[in-house]
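Trainee: quick one: sequence plus predicted model below, questions after.
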Amino acid sequence: MLQRFLSPSVLAGISGLELVAKTVVEGFVAGLHRSPDFGFSQEFAEYRAYSEGDDLRHVDWNVFARTERAYLKRYRGETNTLVTVLLDASASMGFGTHGVKKIDYARFLCASIFYLAIHQQRDGAGIIVFDDEVRNFVPPSTRHGQLYRLLHALEGAEPRARTDFARPFVHFQQFLRRRGVVVVVSDFYEDPVKVVRTMEPLRFRGSEVLLFHVLDPGEIEPRLDGPALLIDMETGGSLEVSPEYAASEYRAKIDAHIAGLRDRSKAAGMDYFLLDTSRPLDEALREYLSLRAGRM
Amino acid sequence: MGFLAPWFLAGLAALALPVYIHLLRQHRAQPMRFSSLMFFERRLQSSVRHRRLRHLLLFALRAALVALLVLAFANPYMDRPVAVAGAGSRLTVIAVDNSFSMRAGGRLEKAKSEAQGLIATLPAGAPAQVLSFGSSVQVLTQPVTDRGELQAAVASIEAGDARSSYAELARVLRGLAASARRPLEVHLFSDMQRSSLPASFAELELPAGVRMKAHPAASSRVENWTVESVTAPHRVYDPSKVRVQAVVAGYGTPAAKRRISLVVGGRVLESREVEAPASGRAAVEFTRLEMPHGWAEAEVRLEPADALPEDDRYRFALERLEPQRILLVHEAGRSRAAFYVKSALEAAAGAAYGVDVATPEQCAGISPGRFAAVILSDAGTLPESFVRELREYVRAGGGLLIAAGSGAAARRLLPVAAGRVLSVRYAGREEERFLSAGAVDAAHPVLARVNRLEGVKFFQTAVLETDGGRVLARLSDQSPLLVEQKLGAGRILLFASTLDNLWNDFPLRASFVPFIEQAAHYLAGVADSPPAYVVDSFFELRAASEPASSLEVFDPGRKRVLSLAESATARSIALARQGFYEVRRANGRRELVAVNTDRRESDLEVLSADAISLWQGAGQGAAEGGSESETARVSLWWYVMLGVALLSLAESVVGARYLGKEKTP
């Protein structure tokens, strides 16, 4: 029932990223409970007899009432990690053809990941907003109020300038010294070789790298009514394009770009996931959680 | 090649429009922001090239369309040499005027003799054709080379009574020139009467290749007297009240005394001397008209005779009838309406009707069939037997006028007629003081001469609810004032007020007399026909609704006009000759129709030499310079319009294909 609220166009109507994240995550988790395929987080594992020194908070008092013996409830997966989101806020992320811009979709995704990490999994979470340089950095933390700091950073991430992975990466290396999960959210208008080469050092240090490739349906399948003069949102350059070209040659090139990014990232041990901004967020969250579960 | 309206070529500037649409506007692509041009290449797309090619085809079609439209307005033509040349190929047309005026002074004989002379001088083998014309043109021969046939045709021409029309002759010559496809040489033998010219000289235009030569049968004006018009009733009921007025006109005449006589049935009833001014008119009135019952041929005769004696008599037909009776029923003690109706019918010209007055009680023994019409002037309760007879009388074709007053309003129901009185409306001081007539159907015979009932004040009116009647007049509050209903073959008129001066002041107004007179004529079925017709007019033999019955028509020469089949079906006849036509109907009724010539033929003034030469030159503009170099101007307008139609079609097809492709994603 709540699945329908995960539609990006519905989320765009909700003011406040926290509420968006809460709506997404709780709807998503509620869906998970009905699914037999997934189990994670505070999942019940077994009972253990109480011994001195154990935390009384974990005693199952219902069992004690029936048996007059103290047992502790044991749970699975109580590990913590650091989740750092690298959010591309270049001008091209401001593109959108059906009500939700790519930057908005990315914001919803990041907010949901933060909510999930902080509220559900007690992970530390941080964000780096970049375009051709680092614009904002919130170091990963589990401190109280961290979610609001992150959401504030997301609110301030307005698209501008160009995408450049190479220049801000110097800073990434400074900020990402600890192992953890690195989530890159971008439209990756860059050579796949360059992207992967930039991110590889993170992988080498032991971090899990997840690439979320955010694209608008209008970028995957552009539909032009007639000849159009396209203006590049990052460079300001223009080009006259015919509908036939957009339907044939452009499609082939973007498909090749996506395939190249997917293949090279997998080859480098990174996870890659293509996000269509017209599709619900839960697919992206599933991808994130499956990765997170693998880390446990 | 040239253009009849070359200034329209300035419209070629409109070619800038397709140029703008295709060469300037087309390449302005819609700007659109896109995330990245990383996957687009800077090169001309093949599809764009294709579209531009298609655009060029569309552009060419549209530009050609505009250019052809401008050419169509400029009306192009080309001079084409006339196919044949030489005397042998030219068609000689001999047109002889046989109108009424040609009777004067042996003009027709002179014209025929000159025409015969011309035929004798025609070169051997040269084709010629003979026409005669009055108000219409008769083709007497086809183009032939046989002189004997041509001369016989000319010899057979007789003087007619019609008015000559040069415009009609020019129209036929234009048609002849178009069909003959060879130059025409027209020889016109006419008295060149000035009154035969049309209102516009353009109607005399002759096409290129037609050369005309006039042979005037009269060189100067001839004095002529005529009886121009006569005013007399068609039906005479009381001869002592009939006045016959005649107008005598002189054309080119000096001041003179003329003797005018009224002749009825061959007997001179009265003669007067009138003094007419030079080229002027004089009127004379005859008051003594004695004639027996039935039809009589009458005429006003002018003496002494002049050069054209046939127009010195003006014929008209008279029918002496007994005055018809009209029954007027009114409530006992309310005789005002009878007084006014009687007075109106007596005052009307002709005194055609006498009025019998009765009260409802007296109606029991009266048969309505004896009367030409019945008037119920707010009659009270009528005897049942009379109402029944009255209904049968109307069904059989009788006429009934019902004036609704307080009596009818009290009973609500109207006798015989369909409908009832809803209420009585009083004009009072609290609202309007009186009602007046609003919409009046002046085309209806009853209301044709009442001057729209102007000034008549209605103080009380009956509000009528009529069932399917035709409202002829309404009051100012839009309620019906006069309604006509049909019942069988008869007519009923419902008047929503009274015929006395209690409910209105209608009887005190001048329009009351013609109203009553025309209503009586209408209800009695008396048609208002003129006493005389003009040659070439039509006489209606029977109305479209009348059942077919055999009738006979005799012309002034006592010859039958209609064939056996026509006598049962013909609805009208053309009155081609002056004199008296006689119509004999199947029921034994006889009718006389008097026909006179158009008096414009009596003015024998001839055209000036300048006017004749102007007409002769009208068709020779392109034909001057000898037969070898004659050319005909051929308009290319139709070809250009055909091109415009074809281009429009092609443009629609190409444009629809292009647009269809554009809209398909």
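Mentor: Looks like it came in fine.

Trainee: residue ranges in the stretch 351-500 of chain B under the pLDDT threshold?
Mentor: Scanning the stretch 351-500 of chain B for pLDDT under 70 picks out the ranges B:351, B:429-431.

Trainee: mind listing what whichever residue of the stretch 451-600 of chain B sits closest to chain A touches?
Mentor: The minimum distance from the stretch 451-600 of chain B to chain A, using C-beta to the nearest C-beta, falls at residue B:478 (59.8 Å). Where C-beta positions appear, they are placed from N, C-alpha and C, glycine not excepted. Contact partners of residue B:478, counting by C-beta atoms under 8 Å, 6 or more residues apart in numbering or on different chains, are B:438-439.

Trainee: which secondary structure state is assigned to it?
Mentor: At residue B:478 the chain is in coil, as set by DSSP: H, G, I helix; E, B strand; the rest coil.

Trainee: so what's the backbone phi/psi at it?
Mentor: Here is the backbone geometry of residue B:478 (degrees, to the nearest 10): phi 70, psi 10.

Trainee: quick check: the residue most central in space within chain B vs residue B:110, distance?
Mentor: Geometric centre of chain B, nearest residue: residue B:537, 9.7 Å, by C-alpha atoms, centre = their mean. As judged by C-beta to C-beta, to the nearest Å, residue B:537 and residue B:110 stand 30 Å apart.

Trainee: what's the answer for residue B:542, then?
Mentor: Taking C-beta to C-beta, one finds residue B:542 at 44 Å from residue B:110.

Trainee: now residue A:138. Its backbone dihedrals?
Mentor: Note on residue A:138: its backbone torsions stand at phi -120, psi 110 [degrees, to the nearest 10].

Trainee: oh, that last question was meant for residue B:100, not what I typed.
Mentor: Dihedral angles (degrees, to the nearest 10) for residue B:100: phi -60, psi -40.

Trainee: number of residues surrounding residue B:13?
Mentor: Residues contacting residue B:13 under the criterion other C-beta atoms under 10 Å in any protein chain shown number 10.

Trainee: wait, a helix at it?
Mentor: Yes. When classified by three-state DSSP, residue B:13 is found to be part of a helix.

Trainee: what about the stretch 201-350 of chain B, any weak spots by pLDDT?
Mentor: Using pLDDT under 70, the stretch 201-350 of chain B drops low at B:349-350.

Trainee: all strands of it, in order?
Mentor: In the stretch 201-350 of chain B, the segments counted as strands under DSSP state E, counting those that start in this stretch are B:210-216, B:224-231, B:235-236, B:244-251, B:256-264, B:267-276, B:281-286, B:294-303, B:313-320, B:324-330.

Trainee: and of those strands, who's closest to residue B:635?
Mentor: Ranking those by proximity to residue B:635 (C-beta to C-beta) places strand B:210-216 first, at 17.0 Å.

Trainee: which neighbours in the sheet does the closest one have, and how are they oriented?
Mentor: Here strand B:210-216 is paired, per DSSP bridges, with strand B:184-190 (parallel).

Trainee: and the helices in chain B, which stretches?
Mentor: Assigned by DSSP state H, the helices in chain B fall at B:16-19, B:46-74, B:107-121, B:147-155, B:166-180, B:336-347, B:384-395, B:406-411, B:512-524, B:564-569, B:609-617, B:637-663.

Trainee: out of those helices, which gets nearest to residue A:108?
Mentor: Using C-beta to C-beta, the nearest of those to residue A:108 is helix B:637-663, at 35.5 Å.

Trainee: now do the closest one: which elements does it pack against?
Mentor: helix B:46-74, strand B:76-81 (3 or more C-beta pairs under 8 Å, 6 or more residues apart in numbering or on different chains; DSSP states H and E).

Trainee: how about 6 Å then?
Mentor: helix B:46-74 (3 or more C-beta pairs under 6 Å, 6 or more residues apart in numbering or on different chains; DSSP states H and E).

Trainee: what about the helix it packs on, average pLDDT?
Mentor: Summarised as a single mean, pLDDT over helix B:46-74 is 76.

Trainee: how about stretch A:259-268?
Mentor: In the prediction, stretch A:259-268 has an average pLDDT of 89.

Trainee: do that stretch and chain B meet at all?
Mentor: No. Shown here: stretch A:259-268 not in contact with chain B (C-beta under 6 Å from any C-beta of the partner chain), separated by at least 12.1 Å.

Trainee: if we can go back for a sec, among the helices of chain B, which is the most enclosed?
Mentor: Across these, averaging neighbours per residue (mean count of other C-beta atoms under 10 Å in any protein chain shown) puts helix B:512-524 on top, at a mean of 22.

Trainee: the residue in the stretch 501-650 of chain B positioned nearest to chain A: what's it in contact with?
Mentor: Closest residue of the stretch 501-650 of chain B to chain A, C-beta to the nearest C-beta: residue B:650 (23.4 Å). Residue B:650 sits next to residue B:61 when contact means C-beta atoms under 6 Å, 6 or more residues apart in numbering or on different chains.

Trainee: how close does it sit to residue B:644?
Mentor: Residue B:650 is 11 Å from residue B:644, where distance means C-beta to C-beta.

Trainee: can you check residue B:540 too?
Mentor: 48 Å.

Trainee: tell me the confidence at the residue nearest to the centre of chain B?
Mentor: pLDDT, read off for residue B:537, is 89.

Trainee: then the one 5 residues further on?
Mentor: Per-residue confidence for residue B:542 comes out at a pLDDT of 78.

Trainee: cool, residue B:25 as well?
Mentor: At residue B:25, pLDDT is 59.

Trainee: for the one 10 residues further on, same thing?
Mentor: Listed pLDDT for residue B:35 reads 80.
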